[in-house]
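In: requesting a structural model of the entry that follows:
(one chain, ligands or ions: 2)
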Amino acid sequence: MTSIMDNTPWTIPVIDLSILPSDFYSNGTQENIPKSLFTALRKACEQVGFFQIINHGIPENLIENLDSAARRFFAETKEVKERGVSSLLYRGYVVGGKDAVSPTPESLIFSNVHRSNSIADICDKVWPQGNPQFRETVESYASKMIELSNLVLKLCLSCFEVDLGRYMSTFENKCEGWLNMNNYSPDGVQRIYRAHTDKSWITILHQDTVGGLEVLTPKGKWAPVEYKRGSLVVNVGDIFQMWSNRVYRSSEHRVIYGGQRTRQSFAFFYLFQLDMEISVAKELVDEKHPEYYKPTLFGEFEKHGRDHGLASIGPPKAFERETW
Ligand SMILES: O=C(O)CCC(=O)C(=O)O
Ligand SMILES: [Fe+2]
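Out: Numbers count the residues shown, from 1 in each chain. Ligands and ions are numbered 1, 2, ... in the order given. Next up, the predicted model:
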């Protein structure tokens, strides 16, 4: 049986994907899906921009293998890890510093995972002698994440009366995925890492049993996104907030960490290629709901983020229409 729990507003809703007919992705059939699923999903995306998914089809042993691979990488010497440093910002091995200005302390970032050799390139730099097991595990997780992102996006779009086919073909052809493997190691100090919103359509996050992720609720309270076995956390990012004309909410979130055990998380950001335009869905604009954002190239949006140290919370003011 399916559970769609939509309890109090600050319990992050759990959406059971086993409820979807097997052909949901290929032909978007919605008839056999209880309306309550779309109601719970839309409410989650509108109010807090976070939900959890279960029965998502990512094999448990793949997550375990990725977890072990990441632990082995982060346990390597500084010298080995630093072979993965990139001249490009927010790619490869990145150390966020201990001043908590970064959203994460230590990360290995694979950009554009499905259209380039970014995974193989980083692996070859870190392990010139090769590490096929690590590479294959990351590649396999990334390719499953692309499929899952498309499915979840389709589901989130199905809450609106929009041309699903048109939007989905854009996602399939014009999105790219970034995989950040994040590591939090104990050093005796409790830190609150930088609160931020994600620049994605959606982000799919796996956090381990340590927990520590928090989301800012519309009432201005930090609420924990608790670890739930077998689940993945999905959050709405800035692009989705813009496309939906602010119906969906890209929420501020952060991690509090100061435990005894190492914490790991895997964040998969599904976002646009640089030459794609983010524009408000025409179907969501009318007299009562005028277009809130200017059409914006994702490249400009990304550059704005880089120039401002990724400091903006939500889409920056620069991309709002002057009339607002
Ligand atoms: O480590 C986490 O749980 C969250 C990381 C995060 O929010 C991010 O990488 O954008
Ligand atoms: Fe984030």
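
In: specify the next element, helix or strand, located C-terminal of the longest helix along the chain.
Out: Determined from DSSP state H, the single longest helix within the chain is helix 132-157. Following helix 132-157 in sequence order, the next helix or strand is helix 164-174 (DSSP states H and E).

In: part of a helix, is V113?
Out: No - under DSSP: H, G, I helix; E, B strand; the rest coil, V113 falls outside any helix and is assigned coil.

In: just to revisit the earlier point, any residue of the longest helix of the chain up close to ligand 1?
Out: No - judged by C-beta under 6 Å from any ligand atom, helix 132-157 and ligand 1 are separated, with a smallest distance of 13.8 Å. Yep, even glycine has a C-beta here, placed from its N, CA and C like the rest.

In: distance from the chain centre to that helix, please.
Out: Centre-to-centre, helix 132-157 and its host chain are 11 Å apart (C-alpha atoms, centre = their mean, to the nearest Å).

In: report the rounded mean pLDDT for it.
Out: Per-residue pLDDT values over helix 132-157 give a mean of 96.

In: in it, which residues are buried?
Out: By 16 or more other C-beta atoms under 10 Å, the buried positions in helix 132-157 come out as 134-135, 137-139, 141-142, 144-146, 148-157.

In: can stretch 301-315 be said to contact ligand 1?
Out: No - against ligand 1, stretch 301-315 shows no contacts by C-beta under 6 Å from any ligand atom, the least distance being 9.4 Å.

In: show the pLDDT at D307.
Out: Here the pLDDT value assigned to D307 is 83.

In: what are the phi and psi values at it?
Out: Torsion angles at D307 (phi, psi; degrees, to the nearest 10) stand at phi -60, psi -30.

In: how close does it sit to ligand 1?
Out: Distance, D307 to ligand 1, using C-beta to the nearest ligand atom, to the nearest Å: 19 Å.

In: now N245
Out: According to C-beta to the nearest ligand atom, N245 stands 24 Å off from ligand 1.

In: check contacts around that residue.
Out: By C-beta atoms under 8 Å, 6 or more residues apart in numbering, the contact list for N245 reads 280-281, 284-285, 289, 291-293.

In: filter the residues you listed down to the buried ones, ChimeraX style.
Out: A single ChimeraX command selects the buried members of these (16+ other C-beta under 10 Å):
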select :280,281,284,291,292,293
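
In: from the contacts of N245, which single one is nearest ligand 1?
Out: Among those, Y293 lies closest to ligand 1 (C-beta to the nearest ligand atom), at 21.5 Å.

In: ignoring the adjacent residues along the chain, who's closest to that closest one?
Out: Spatial nearest neighbour of Y293, chain neighbours left out: M242 (4.6 Å); criterion: C-beta to C-beta, 6 or more residues apart in numbering.

In: same check, this time on I63
Out: H206 (6.2 Å).

In: wouldn't the one you found be in contact with E60 here?
Out: No - counting by C-beta atoms under 8 Å, H206 sits too far from E60 to count as a contact (11.0 Å).

In: higher neighbour count, these two?
Out: Shown here are H206 and E60; by other C-beta atoms under 10 Å, H206 has more neighbours (20 against 9).

In: can you confirm that one is in a helix?
Out: No - per three-state DSSP, H206 lies outside any helix segment and is strand.

In: so in the protein, where's the weakest helix or strand by average pLDDT?
Out: In the chain, no helix or strand scores lower on mean pLDDT, DSSP states H and E than strand 4-5, which sits at a mean of 48.

In: all helices of the stretch 201-324 of the chain, in order?
Out: Taking DSSP state H, counting those that start in this stretch, the helices of the stretch 201-324 of the chain run over residues 238-243, 298-307.

In: please apply the same query to the stretch 1-150 of the chain.
Out: With DSSP H, counting those that start in this stretch as the criterion, the stretch 1-150 of the chain has helices spanning 24-27, 35-47, 60-74, 78-82, 118-126, 132-157.

In: packing partners for the fifth one?
Out: For helix 118-126, the contact count by 3 or more C-beta pairs under 8 Å, 6 or more residues apart in numbering; DSSP states H and E identifies strand 92-95, strand 106-110, helix 132-157 as packing neighbours.

In: can you list the residues of the stretch 101-250 of the chain near ligand 1?
Out: For the stretch 101-250 of the chain, the contact set with ligand 1 under C-beta under 6 Å from any ligand atom comprises 103-104, 180, 182, 198, 205, 207, 213.

In: what subset of these is buried?
Out: Buried subset of these (neighbour count, 16+ other C-beta under 10 Å): 103-104, 180, 182, 198, 205, 207, 213.
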